[in-house]
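S.K.: build me a structure from this.
(one chain, ligands or ions: 2)
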Amino acid sequence: MKRTILFLAAAALSISASAEVNYQTIPCPQSIVFDGSGKSALLVKGQTVSYPAENAKMWRNALFAQEYLGLTPEVEKKKPASVSLTLGLESENPDAYCITVGKKGIQIQGASESGVFYGIQTLRKSIADEQGDTIRLPWATIKAEPRFQYRGTMLDCARHFFPVEFVKEFIDILALHGVNKFHWHLTDDQGWRVEVKALPELAKRGSYRPHTILGSNLGVRETPPTPLYDDTPEEGFYTQAQLREIVAYAAERYITIIPEIDLPGHMVAALSVYPELGCTGGPYAVKTFWGVDKDVLCVGNPKTLEFIKTVLGEVCDIFPSKFIHIGGDECPRTRWEKCPKCQAKMKELGVKKESELQTYINREVESFLASRGRELIGWDEIVNGGLSDNATVMFWRGGDGDVVAAKQHHRVINSNKWFCYLDYYQLEKRETQPLAFTRYLPLSKCYSMEPVSPELTPEESKYILGAQCNLWTEYVSSPDHAEYMLLPRLAALSEVMWLQPAEKDFGQFKVRLAALEKYYRRLGYKYCPHYE
Ligand code: ACM
Ligand code: ZN
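M.R.: Ligands and ions are numbered 1, 2, ... in the order given. Okay, the predicted model is just below:
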């Protein structure tokens, strides 16, 4: 679709000059055209918001309009309501919306229900600065559609456990920013957070560690000496009932949860419960410090595949997502090189390199997921040994993994660490900041991200499904801190996900951000108030 940007200069200036609503939110709609009449429609608390009869999603959208705008839902009648939610916008993009403010009141029309939801979010953010029960909305037509179909954010709940209420708030924040995929990192060396009914000990014991290393242990591979730890146990897992509740909560907000069970590396928490699944037989303990561990799943043990299928079988029952993330990152081959079972497996498979064991496990997992109607996503290490035929690659290492995978016609999600890793410092003066991962990722760098490499042809570019930012939580143990790392960098990345490169403007973005930050404050979200 050919798109136009019609930012009227006067409208842009009005942000600071007056409280006039100008619809310039984040992500910014691609087209905002004022009709020039100078007239306004009034949005009054308690007014009606109509939705088409017998459409449960549109009814739910009307309830969101009630929650965010103070309106009263009613089924659509002949006479237009003050605010009407409708479908039927002509667009190939299901997330497209058009808001028309004019003689007939306020109409939010979507190409599908999700488009209507994003329109409501835009209206909500547009008036975030307004006070009182009556808000004046200048007549205008506002149109938007996201550039990418995949707009993701990851939260690591394995390194630190975050309670259900916070996970829901996190999802609300994603919805506010037009994100539609919540990648949920649920298992790692430091904690197993998902209940598996067939393996009740797994979450019960694998979700507990007695303490956590203080400060950064970057580069430390062996167990650090005990004085370096805090004295606070870290524990918690999500029951299947809670997971289902969160899946439904996200779905109402047009967010698909993509669960990640990281394998065959990052599995020490599981090995601590089932040591026979490791090459040495253990004993193992849930890790209390960070880094890449050489103890991984033993691929030569047939019980390993059984274990994976049991876990993923239940994961598929809980999470309806087409994509299931199986990690695949940072899996050292050290143990496999010495393990008689793994070496025997290599002989049986007729392969010479240990990396082929990961290829083998990925293929097995892929066909298991396919039998459940699902598809595999893995971190970009799977490009270098382990890439299954239909796998989608989550590019993170910042080399050329995105280009290599797309040229092989694998779908790619760009979460390049240099632009998307929200555990890095956001300000250069680190001493002013809470401890973070050693690198630096300012807001401006997030905003500058271009998810489609210029090395790709237009045809190859179609394999880039979208972008994703990741919040790893080695050094983030509280909800407030998680929000502080997320915001406002998520705002920058939401424009990366929604806008075409020519539509982005960091200077304009900063003006819009000042307004959004006021809304963060009203909603009680923590954020980093300074940016570079
Ligand atoms: C990763 O950061 N290990 C995917
Ligand atoms: Zn082994």
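
S.K.: does L387 really touch N362, like I thought?
M.R.: Yes: the pair L387 / N362 is scored as a contact, 7.2 Å apart, by C-beta atoms under 8 Å. C-beta: built from backbone N, CA, C; applies to glycine.

S.K.: what touches both of the two?
M.R.: Counting by C-beta atoms under 8 Å, 6 or more residues apart in numbering, the contacts common to L387 and N362 are G378.

S.K.: centroid-nearest residue for this structure?
M.R.: T153 (1.6 Å; C-alpha atoms, centre = their mean).

S.K.: sec struct for it, please.
M.R.: For T153, the assignment made with DSSP: H, G, I helix; E, B strand; the rest coil gives strand.

S.K.: partners of it in the sheet?
M.R.: As for beta bridges, T153 partners with F182, C469 under DSSP bridges.

S.K.: hmm, W184 and it touching each other?
M.R.: No: at 9.9 Å, T153 does not count as touching W184 under the criterion of C-beta under 8 Å.

S.K.: okay, now the unreliable bits of the chain?
M.R.: For the chain, the stretches with pLDDT under 70 are 1-19, 219-221, 225-227, 386.

S.K.: and if we set it to 80?
M.R.: 1-19, 217-227, 384-389 (pLDDT under 80).

S.K.: tell me the spacing between the residue nearest to the centre of the chain and K526.
M.R.: T153 sits at a distance of 16 Å from K526 (criterion: C-beta to C-beta, to the nearest Å).

S.K.: need the residues that contact the helix or strand containing M497.
M.R.: Assigning secondary structure by DSSP states H and E places M497 in helix 489-498. Helix 489-498 has contacts (C-beta under 8 Å, 6+ apart) with 26-28, 144, 146-148, 151, 153, 173-174, 177-179, 419-420, 422, 426, 441, 443-444, 446-447, 449-451, 466-467, 469, 504, 509, 513, 516, 528.

S.K.: repeat that with 7 Å
M.R.: Here helix 489-498 makes contact (C-beta atoms under 7 Å, 6 or more residues apart in numbering) with 26-28, 146-148, 151, 153, 177-179, 420, 422, 426, 443, 446-447, 449, 451, 466-467, 469, 504, 509, 513, 516.

S.K.: from the stretch 201-350 of the chain, which residue is nearest to ligand 1?
M.R.: D329 (4.0 Å; C-beta to the nearest ligand atom).

S.K.: contacting residues around the closest residue to that residue other than its chain neighbours?
M.R.: If the residues on either side of it in the chain are set aside, D329 comes closest to W379, at 3.6 Å by C-beta to C-beta, 6 or more residues apart in numbering. The neighbours of W379, taking C-beta under 7 Å, 6+ apart as the test, are 327-329, 394, 396.

S.K.: equivalent analysis for I127, please.
M.R.: 21, 43, 135.

S.K.: what is the nearest of those to C298?
M.R.: V21 (60.9 Å; C-beta to C-beta).

S.K.: ok, which residues in this protein are in contact with ligand 2?
M.R.: Contacts of the chain with ligand 2, taken as C-beta under 5 Å from the ion, map to 279, 298, 300, 339, 341-342.

S.K.: export the residues you listed as a markdown table, with columns for neighbour count and secondary structure.
M.R.: Output for these, formatted as a markdown table (neighbours: other C-beta atoms under 10 Å; DSSP: H, G, I helix; E, B strand; the rest coil):
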| residue | neighbour count | secondary structure |
| --- | --- | --- |
| C279 | 24 | coil |
| C298 | 24 | coil |
| G300 | 19 | coil |
| C339 | 22 | coil |
| K341 | 15 | helix |
| C342 | 21 | helix |
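
S.K.: now stretch 165-172: buried residues?
M.R.: Neighbour-count burial for stretch 165-172, counted by 16 or more other C-beta atoms under 10 Å, picks out 166-167, 169-171.

S.K.: can you map out the strands along the stretch 251-400 of the chain?
M.R.: Along the stretch 251-400 of the chain, counting by DSSP state E, counting those that start in this stretch, strands occupy 256-260, 323-325, 375-379, 392-395.

S.K.: specify the angle between the first one and strand 375-379 in degrees.
M.R.: This means strand 256-260. 60 degrees (axes from the mean of the first three to the mean of the last three C-alpha atoms, to 10 degrees).

S.K.: packing partners for strand 256-260?
M.R.: On a contact count with 3 or more C-beta pairs under 7 Å, 6 or more residues apart in numbering; DSSP states H and E, strand 256-260 meets strand 181-185, helix 240-252, strand 323-325.

S.K.: what angle do the longest one and strand 256-260 make?
M.R.: Think helix 240-252. Relative orientation of helix 240-252 versus strand 256-260 (the same axes, to 10 degrees): 140 degrees.

S.K.: make residue 1 into 56 and carry on from there
M.R.: That works, and once the first residue is 56, the last one we named lands at helix 295-307.

S.K.: please point out which parts of helix 295-307 sit buried.
M.R.: For helix 295-307, the neighbour count (16+ other C-beta under 10 Å) marks 295, 297-298, 301-302, 304-306 as buried.

S.K.: list, out of those, those positioned next to ligand 1.
M.R.: Filtering these for proximity to ligand 1 by C-beta under 6 Å from any ligand atom leaves nothing.

S.K.: in CSV, list those residues along with distance to L257.
M.R.: Below are the buried residues of helix 295-307 laid out as CSV (distance: C-beta to C-beta, whole Å):
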residue, distance to L257
Q295, 12
Q297, 16
L298, 14
I301, 19
V302, 20
Y304, 24
A305, 24
A306, 26
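
S.K.: name the nearest of those relative to S105.
M.R.: The nearest member of the buried residues of helix 295-307 to S105, counting by C-beta to C-beta, is A306 at 23.2 Å.

S.K.: any idea how far that closest one lies from F225?
M.R.: Between A306 and F225 the distance is 15 Å, computed by C-beta to C-beta.

S.K.: and if you look at A117?
M.R.: For A117 relative to F225 (C-beta to C-beta), the value is 24 Å.

S.K.: put the alpha carbons of stretch 300-320 into PDB.
M.R.: Only the C-alpha atoms of stretch 300-320 are listed here, as PDB (Å, rounded to 0.1, in the frame of the first residue of the first chain):
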ATOM      1  CA  GLU A 300      -5.000 -17.500  32.500                       C
ATOM      2  CA  ILE A 301      -2.100 -15.400  31.200                       C
ATOM      3  CA  VAL A 302      -2.500 -16.900  27.700                       C
ATOM      4  CA  ALA A 303      -6.100 -15.800  27.700                       C
ATOM      5  CA  TYR A 304      -5.200 -12.400  29.100                       C
ATOM      6  CA  ALA A 305      -2.700 -11.800  26.400                       C
ATOM      7  CA  ALA A 306      -5.000 -13.100  23.600                       C
ATOM      8  CA  GLU A 307      -7.700 -10.500  24.600                       C
ATOM      9  CA  ARG A 308      -5.000  -7.900  23.900                       C
ATOM     10  CA  TYR A 309      -4.100  -9.500  20.500                       C
ATOM     11  CA  ILE A 310      -0.800 -10.800  21.900                       C
ATOM     12  CA  THR A 311       0.300 -14.300  21.200                       C
ATOM     13  CA  ILE A 312       2.600 -15.800  23.900                       C
ATOM     14  CA  ILE A 313       5.500 -17.800  22.400                       C
ATOM     15  CA  PRO A 314       6.800 -20.000  25.200                       C
ATOM     16  CA  GLU A 315      10.500 -20.900  25.200                       C
ATOM     17  CA  ILE A 316      11.900 -24.100  26.600                       C
ATOM     18  CA  ASP A 317      15.600 -23.600  26.100                       C
ATOM     19  CA  LEU A 318      17.400 -26.800  25.000                       C
ATOM     20  CA  PRO A 319      19.700 -28.600  24.800                       C
ATOM     21  CA  GLY A 320      21.900 -26.100  26.700                       C
END
